Structure formats: C-alpha cells, structure tokens
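J.: The following block contains a protein sequence and its predicted model.
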Amino acid sequence: MNLRFIRIGFLVIGGLLGVQYGQQHPAVPWWLWCALGTTAGAFLVVFEALLHRFGRGVSVRGFSAAVFGLLFGLIMANMVSDAIGLAVKTPEAMSTIRLIVTWVFAYIGMVVALRGRDEFNVIIPYVRLSRQDHSEDLVVVDTSAIIDGRIADLCKTRFLQGKLLVPRFVLRELQAVADSADPLKRTRGRRGLEVLNSLRSQPHVNVHIHEEDVPGVAETDAKLVKVAQLLGARVVTTDYNLNKVAELQGVSVLNVNELAQALRPVMLPGETLEVKPIKEGKEPHQSVAYLEDGTMVVVEQGRHLIGQTVHGVVTSVLQTAAGRMIFVRPDGAAPSPSRPGGMSQRR
C-alpha cells in the first residue's frame, strides 16, 4: 500500500472523528469540528514527515525497543505503586505518588531499552521456539570469504551448514569493490557477487541478508565481530587479521585458508611422487614444482629437469610458517650429501 494513501486515509478518519465529537457538542458547528480533526491529523502527518527527514537515527529497531521499554516501565511502575499503596492511606497522596512513579519508570524503561537496542533487536529476529539442545547454527560471512569463492564449494559439499548471514554493510563493501576503478579489484568484486548468487541458488543453503547495522562502529571487521557476538554466531573469513581479532574477543572463526591447509595430503618419506618443475630453486642443484593444492616441492638434482615430468621419492617433509615443503629425489639421482640451503627454500 502506498504511503500517500495511508496519510490521506488518516486525514479523512481525523475529520470523521471530529464530526462524531461535534455531534456530542452541538453548540459548535460540525464542520468546524471536522476541520479541527483534519488539522490535527495534518499536524501529525507533518511531524512524521519531518521526523523521517531529519531524524535519521529513528528506525523500526529503535522504535520497537522504545515501545518494549515503555511497556516494561509501566508494568514495573504499577507493581511499585501497588506496593507503596499498602503504606499510604490518603488517596490524594497515592495519586501523586503513582503519577511520579509512572513517569520515572516509563523514562528509565525507554532509556535502558534504547541503549540496549542492539542486543534486543539483533537477537530477536533469530529466536525460535525449539529445544535448548538443538539451536540453529548461525554463520556470519566476511567479504574476503565471499570473494575467495571456496565457501560455495564448502556449502555444496555440506561441509559448512547452518544459516549464512551476509550483513548489509558487507554487501555494500562488496558492491564498492565491484565498482572500483582498479580492474583487478573490479574483477574480484564481481566474482564475489557471482559467488553470492551461486550460494543463494543452492536449495539446501539458507542465505539471509542481515539488515541490522552497528551504530558507532566504522570498520567493517569490528562490525562483523560485534554482530557475531550479539548473535552468538561464527565468522567465516580468509582474513588473518580478522581471525585473530575475533578470537581475542571470544568469537569462533572458520578460516577457509586454515581448513585448506589442514586438508592438504600428508606425504611421508619413502613415498613416490610425480611432479613437473617449473623454475629453478635457491640452491644450484634444485628446481621447484607445485602440487595442485599449492604445496611447494623441491626437486633435488633437478635443475636440468625443469619443464619435464619427474618421478621421484620423497626424502623429507618440512612444515614452515608459509606452508608445507616436500623434498623429492628423482629416480636414478644420487642422494644429496647435504642441503645447506634447502631448509630455507622460499616460495
């Protein structure tokens, strides 16, 4: 329904109420009461329009919190007044006390509810009547995880389940990247939008655009952590810094990069491996190849084998901060007496 029709209907009802009130007071012409009712309605409509134009902080979220706080304050005021009434016998004094108590508790209730509107209004939309031991799993998705794209494969294979929440501010950031003047950023942003559409097209994946913002917080990472805290949700990301910040604040994080690192195949010394070196290694006798998952393979005595398919035996495996390194000796090659620089091989 159009807002204009609602306003016109409200003005008409105001005029009809004025006419009905005028019938009880015939001393004043009915049309004057009708005009007064319509004018009062017009003032209210103008006030609402000005509030919408200049009161940017007013929202359904804040209004619902204020109403909840007002109702709670009135209930508390009634209970306190009844308790005080047991000791006060004078009706005039009791009437004054009830008025003051109602005024105080109504104010306190609204203020407390508005200050805690984030906790109240962010959590309420996701509350369900269900068993306490079977709550819904909420996952907040970061921009980096959407652009990365592997989250779509995780959902497709059902390794990642639950309701995926994409905050509106993450969607805005993704749109800004897609509209960037930098061709590389623009491509990454568009890829992220395609991944998001792919997620929404999967029938078993529940993707929800989370509309609530976090007032007073400017950085996207800080907003993500705050939303996850309020909802009791986990965060999916590929951002190392966000991962550490979220963990420091007690938020569970699913890092796609860490998962990929953990799922890389384990190679043991003595196993055979087939690789294709693509560049020279750091040492004169070495060449470097890569597995499909990005693991670096150092081929000993293999500089002359660059560009060829090499069959070899794994001699050692080294885990570094940058990832796992595998050392391979080609078939028929003599064992290397030492690798003084092999342990410092870089990607």
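T.: Nice, thanks for sending it over. This is a predicted model, so every value here is computed, not measured.

J.: pull the helix or strand with minimum mean pLDDT from this protein.
T.: One helix or strand of the chain scores below all others by mean pLDDT, DSSP states H and E: helix 117-123, with a mean of 50.

J.: May I have the helix or strand immediately after that helix in the chain as CSV, with CA atoms only?
T.: Downstream of helix 117-123, the next assigned helix or strand under DSSP states H and E is strand 138-141. Output in CSV follows, covering the C-alpha atoms of strand 138-141 (Å, rounded to 0.1, in the frame of the first residue of the first chain):
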residue,chain,number,x,y,z
LEU,A,138,24.4,-19.0,12.5
VAL,A,139,27.4,-18.2,10.4
VAL,A,140,28.4,-14.6,9.5
VAL,A,141,30.2,-14.4,6.2
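
J.: now strand 138-141, how far from the centre of its chain.
T.: Relative to the chain's own centre, strand 138-141 is displaced by 6 Å; criterion: CA atoms, centre = their mean, to the nearest Å.

J.: Pairing partners for that strand, with directions?
T.: Using DSSP bridges, strand 138-141 pairs in its sheet with strand 163-167 (parallel), strand 234-237 (parallel).

J.: now the stretch 201-347 of the chain, which segments are flagged as low pLDDT?
T.: 321-323, 334-347 (pLDDT under 70).

J.: err, the stretch 1-150 of the chain, not the other one
T.: In the stretch 1-150 of the chain, residues with pLDDT under 70: 1-3, 51-62, 114-136.

J.: all helices for it, in order.
T.: 3-23, 30-54, 60-85, 91-115, 117-123, 143-148, 150-156 (DSSP state H, counting those that start in this stretch).

J.: want to try CSV for the ones you listed, with distance to residue 260 as columns?
T.: For the C-beta atoms, the positions are set from N, CA and C on the backbone; glycine is no exception. Listed next are these as CSV, based on distance: least, CB to CB, whole Å:
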stretch, distance to residue 260
helix 3-23, 50
helix 30-54, 48
helix 60-85, 38
helix 91-115, 42
helix 117-123, 31
helix 143-148, 10
helix 150-156, 7
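
J.: Out of the ones you listed, which is closest to residue 219?
T.: Nearest to residue 219, of all these, is helix 143-148, at 12.1 Å by CB to CB.

J.: Outside of that closest one itself, list whatever touches it.
T.: Around helix 143-148, the neighbours that count as contacts under CB atoms under 8 Å, 6 or more residues apart in numbering are 151, 166, 170, 173-174, 177, 188-189, 191-192, 195-196, 220, 236-239, 242, 256.

J.: same thing with stretch 294-309?
T.: With contact meaning CB under 8 Å, 6+ apart, stretch 294-309 is reached by 264, 273-281, 284-291, 310, 312, 315, 323-330, 333-334, 336, 339, 342, 345, 347.

J.: how about the CA coordinates for that stretch, as CSV?
T.: Only the C-alpha atoms of stretch 294-309 are listed here, as CSV (Å, rounded to 0.1, in the frame of the first residue of the first chain):
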residue,chain,number,x,y,z
GLY,A,294,49.8,-25.1,-3.8
THR,A,295,52.3,-27.2,-1.7
MET,A,296,55.8,-26.5,-2.9
VAL,A,297,58.0,-29.4,-3.9
VAL,A,298,61.8,-29.0,-4.0
VAL,A,299,63.3,-31.4,-6.5
GLU,A,300,66.9,-32.3,-5.6
GLN,A,301,69.4,-32.6,-8.5
GLY,A,302,66.6,-31.5,-10.8
ARG,A,303,67.6,-28.1,-12.2
HIS,A,304,68.1,-29.8,-15.6
LEU,A,305,64.6,-31.4,-15.4
ILE,A,306,62.7,-28.1,-15.5
GLY,A,307,59.7,-28.5,-17.8
GLN,A,308,59.8,-32.3,-17.6
THR,A,309,57.6,-34.7,-15.7
